[in-house]
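Visitor: Can you look at this prediction? I've put the sequence above it.
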Amino acid sequence: MVRTTWGGLLALCAALASLAPGAAGAKTTVPNRCAEEKLLYEVWAFAIGKEAKPPQQKLIPAGAQVVLSAESQWPLTFHLARSKRMLGRHDLLRAKGRDAKGVNANRYLLRVPRRLTARPGKLYWDISFTVRLIGCKGKVRTFYSTALGGKPHLLTIAGRQGRRRQGSR
């Protein structure tokens, strides 16, 4: 399934590049190449966010171990916050994902510390990667999975179930 998605993404990127100014053989200016390259990476970041695990609206018990993951050919950084507004400020955590070796090469993982899942509530997360843009004179830029209207991922942490008293129903 992922290969089909990446193949489709590459086809979309090629189509976008062919529609860009200068693609039909006219001389492409540096600003146009820069804009085209930024757009391609924004589309790629959006797609990475769509394939990330766990899926949107995941309900987890308080104190549970959660592993966030996504596939990318660039190292990924995970961002966690208690609100959408605070997500860009790295409210709770900003950490590099660990590369999953072997069969899952290009999959990056982050084990969320249990202290962040200890209390009930909402936990928003996002993914980013940083690349050097050749078409933009080598500038370095970070791209987020919330680009192009992507929504932050949401984990809902449920309260702990109270223990039943013996003999009561």
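Guide: Cool, the structure landed.

Visitor: From here on, just use CA atoms for contacts and neighbour counts.
Guide: Will do.

Visitor: any idea how far the nearest residue in space to residue 58 that is not next to it in sequence lies from residue 79?
Guide: Nearest non-adjacent residue to residue 58, counting by C-alpha to C-alpha, 6 or more residues apart in numbering: residue 155, 5.0 Å away. According to C-alpha to C-alpha, to the nearest Å, residue 155 stands 13 Å off from residue 79.

Visitor: which residues of this structure fall in helices?
Guide: Per DSSP state H, the chain carries helices over the ranges 2-19, 30-51, 84-87, 114-117.

Visitor: which of those helices has the lowest average pLDDT?
Guide: Note on those: helix 2-19 shows the lowest mean pLDDT, a mean of 49.

Visitor: pLDDT on stretch 89-106, on average?
Guide: Mean per-residue pLDDT for stretch 89-106: 74.

Visitor: Name the residues of that stretch that come out as buried.
Guide: Neighbour counts over stretch 89-106 (16 or more other C-alpha atoms under 10 Å) mark 90, 91, 92, 94, 96, 97, 98, 99, 106 as buried.

Visitor: Mind listing residues that contact that stretch?
Guide: Contacts to stretch 89-106, defined as C-alpha atoms under 8 Å, 6 or more residues apart in numbering, come from residues 69, 71-82, 107-110, 116.

Visitor: Of these, which count as buried by neighbour count?
Guide: 69, 71-72, 75-82, 107-110, 116.

Visitor: List the ones among these that fall in strands.
Guide: 69, 71, 77, 78, 79, 80, 81, 107, 108, 109, 110 (DSSP state E).

Visitor: what residues are up against the last one?
Guide: Contacts here follow C-alpha under 8 Å, 6+ apart; on that basis residue 110 touches 67, 68, 69, 78, 95, 96, 97, 98.

Visitor: what do you get for the second one?
Guide: Listed by C-alpha under 8 Å, 6+ apart, the contact partners of residue 71 are 48, 51, 52, 106, 107, 108.

Visitor: That one and residue 98, how far apart?
Guide: From residue 71 across to residue 98, the span is 11 Å (C-alpha to C-alpha).

Visitor: Thanks again, I'm all set now.
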